[in-house]
Every structure is written in structure tokens, then in C-alpha cells.
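J.: Need coordinates for the following:
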Amino acid sequence: MRFVTLTVLLLSAPSPFTLANNNSAISTLNLDETITVSGLSSGAYMAGQYHQAFASQVKGVAMLAGGPVYCAQNSLGLALAHCFNKDTSAPDLAAIEQYLTAARETDKLAPLSAQADDKVWILNGTEDKTVQPKLGALLYQQYQRWAKPENIVFVDDKAFAHTFPTDRNDLGNRSQSESPYLAGCNYDAAGALLNHLIGDIKPKAKTTTGELVEINQHQLSTAATTTLAKSGYLYIPQRCAAGEPCQLHVSFHGCKQNADNVGDAYTTGTGLNNYADTNNIVILYPQTQASNINPFNPNACWDWWGYTGADYTTTNGPQLQAVHQLVQALLHGPKQ
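T.: Numbers count the residues shown, from 1 in each chain. Here you go, the predicted structure:
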């Protein structure tokens, strides 16, 4: 297993998040070259897109409350018609597969061989009124074509609304889909997805001991300046900060779930950080920004329908490029 080192730089602006030595190197990370990704809602769509684009570096993907990759086919109209809450229509998987195949043949997506052995974890709640559960079934159908069946887990029997399910008892109940879109469901999704993607994970810490640090996405990624917020967040366990070998996991928030909308609720509340502490996992929480002008994205969603351009789901997509550059900066160090 090959590891590389990185120095992470902080923003100098005041922040509600834990910061240490602003404008200075806060941690030297020793990160595995392969990563895992996950996301909720628009973040689930983004996680699937990232996996298809950069599968050569991704060994596992988890998608919660999402639908098929390229569901919207570069059309807001199709997104509204087929990829949300309508149970009388469905996306055209044959046309989608034709597009994805052509993109692979022109190197705009990773080859299917790159994801053949990857782990895939999908969850769609039966009470989700935002993204119909059947869309998760179609996503599962896609991945049955792309990955080994024994490597895929599809959780489709839980009575959850459109939310990130946790085993916490201080959140809304599982039938509610409201800000910050985390719920107490007596179900530990963070542990379930990490255990499948990584395997044999240790029990989570009762309380976190690492640091949630603010990073300048615009400095670390030139592609981030037009499509991502200036600030992103990185959770660094103590052992990772001390230079022990660690893995990187990227967690994509959902619509209206970025820090501007929910503060640190998502970056601290899913349970991922608790597992990060005991399993040497650094968590990257990239952040979108809301926009009421072009590109029109008032709810700070990840782009899964084409608001950043027609290539949004390929390696040429602005947001995919931005997050990929962030990942490379974490693995190999920021460009000077």
C-alpha cells in the first residue's frame, strides 16, 4: 500500500469550526492512494458521478437517497420528471447507458474495468417522498452491470424519509425530512457504509477527539473558484495528524445541507467522524455554494442535472474536476 505525505493549509478568516494556527501547516498526513466516497441526496448523485469519472482511484462508493448515475441526462426538465418524487415516470436507463458507454470510450469516464472490484453501498428509504425509492432500485440495477454482485449492498427495507439515518437519540425521527436532514433512526448508516466499503472497521468513538479544520478550496483547486464555496472542511483524527497511515473518505452533503445552511450539523453529525477516529480515516467534506444567478443553484446542490455545463458528469465537469483537484492536493500536496 503506497502512502504520500501532505501539508494542509488553513484559511485565515474567523470560523465557527475548530482551527489551529491559521495560515500555517496544521498536519502532515500519510494517506493511502485509493479513496472511498459517499453522499446524501444530490451528494449521492455526485458520489456516483465521481466514482464513474475517477474509478481508478476509488475503491468504494456509498449513495444514500439518490438515483441512477446521469439520471437527468443534462436536463432540468428530465430531472424534475424522472429523478425526484414522481412514481409514474422513470429515467431511460438504455439511453443513459449509451451515453456513459460513449463517455468511457472517449476517456471522459473511467473504464468499467477500473470499478470491477469496487465496493458499492446503496440506501433508499421506503418513506422517502423526495427521491422515490424506485430510483434507488434503478441505481442498483446500473451497478449490477458495472460491479460484481457480491460487492454490492442495497438497503431498501428501511422506513426512512429523505434523510441521513443515524443511531443518535437527539435528532428528529426517521419519518421527517427537514433541516439539517439527519435523523435518529436506530440505524447507523455511517458504520454500515464504512464497514462495507473498507471492511472490518473498529467500533466508533463515543466522542470525537480529532479536529474539524477549515480549508481554502479555492487555493487547493483552481476549478473550485466558480463552482464551490471558498471554505471546505476536513476532519483529521489525532493519529492521522501524527503521521500514521490513514485513508481518505470524501462525504458529499445534500441540497440545503452545506455549512452556510446547517453550520457544522453535517460535518459533525453523521457519525463518520466517530469512526474516523478509531479507524484512521480522514474525512473531506467539500462544500458547494448557493447561487441565484448563473450558474443557478439556489439550494447549494451538487450538479447532477447540468447547471455547470453539459459535461457535468464526466472528468471535464467543473465540480468533478474541483473535487478531484482537492483530493489530489490532499494525497500529493497542493501545487505551488
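
J.: Pull out the buried residues from the lengthiest strand in the chain.
T.: Assignment by DSSP state E gives strand 25-40 as the longest strand of the chain. Under the neighbour-count criterion of 16 or more other C-beta atoms under 10 Å, strand 25-40 has 26-27, 29-32, 34-40 buried. The way it works is simple: take the backbone N, C-alpha and C, and place the C-beta from them, glycine included.

J.: Check those and tell me the two furthest apart.
T.: Maximum pairwise distance among the buried residues of strand 25-40 (C-beta to C-beta): 28.6 Å, between 30 and 40.

J.: Off-centre distance for the longest strand of the chain?
T.: Relative to its chain's centre, strand 25-40 lies at 13 Å (C-alpha atoms, centre = their mean, to the nearest Å).

J.: C-terminal to that strand, what's the next element?
T.: Using DSSP states H and E, the helix or strand that follows strand 25-40 in sequence is helix 42-53.

J.: Could you pull up the mean pLDDT of stretch 286-305?
T.: Per-region confidence: stretch 286-305 scores 93 on mean pLDDT.

J.: could you dump stretch 158-168 to CSV, C-alpha only?
T.: These are the backbone C-alpha positions of stretch 158-168, laid out as CSV (Å, rounded to 0.1, in the frame of the first residue of the first chain):
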residue,chain,number,x,y,z
LYS,A,158,-35.9,0.7,6.0
ALA,A,159,-38.8,3.1,6.7
PHE,A,160,-36.7,6.2,6.4
ALA,A,161,-37.6,9.6,4.9
HIS,A,162,-35.2,11.7,2.8
THR,A,163,-32.5,12.0,5.4
PHE,A,164,-29.2,10.6,6.7
PRO,A,165,-30.1,7.9,9.2
THR,A,166,-28.2,7.7,12.4
ASP,A,167,-28.4,5.9,15.8
ARG,A,168,-28.5,9.2,17.7
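
J.: I'd like the average pLDDT over that stretch.
T.: 95.

J.: Could you do stretch 322-335 as well?
T.: If you average the pLDDT values across stretch 322-335, you get 86.

J.: Alpha carbons of it, as PDB, please.
T.: Output of stretch 322-335 as PDB, limited to C-alpha atoms (Å, rounded to 0.1, in the frame of the first residue of the first chain):
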ATOM      1  CA  ALA A 322     -12.700  20.700  -8.500                       C
ATOM      2  CA  VAL A 323     -13.200  17.800  -6.000                       C
ATOM      3  CA  HIS A 324     -10.700  15.700  -7.800                       C
ATOM      4  CA  GLN A 325      -8.200  18.500  -7.500                       C
ATOM      5  CA  LEU A 326      -8.900  18.700  -3.800                       C
ATOM      6  CA  VAL A 327      -8.400  15.000  -3.400                       C
ATOM      7  CA  GLN A 328      -5.100  15.200  -5.300                       C
ATOM      8  CA  ALA A 329      -4.000  18.100  -3.100                       C
ATOM      9  CA  LEU A 330      -4.700  16.000   0.000                       C
ATOM     10  CA  LEU A 331      -2.900  13.000  -1.400                       C
ATOM     11  CA  HIS A 332       0.100  14.700  -3.000                       C
ATOM     12  CA  GLY A 333       0.200  18.200  -1.600                       C
ATOM     13  CA  PRO A 334      -1.100  21.500  -3.100                       C
ATOM     14  CA  LYS A 335       0.500  22.800  -6.200                       C
END
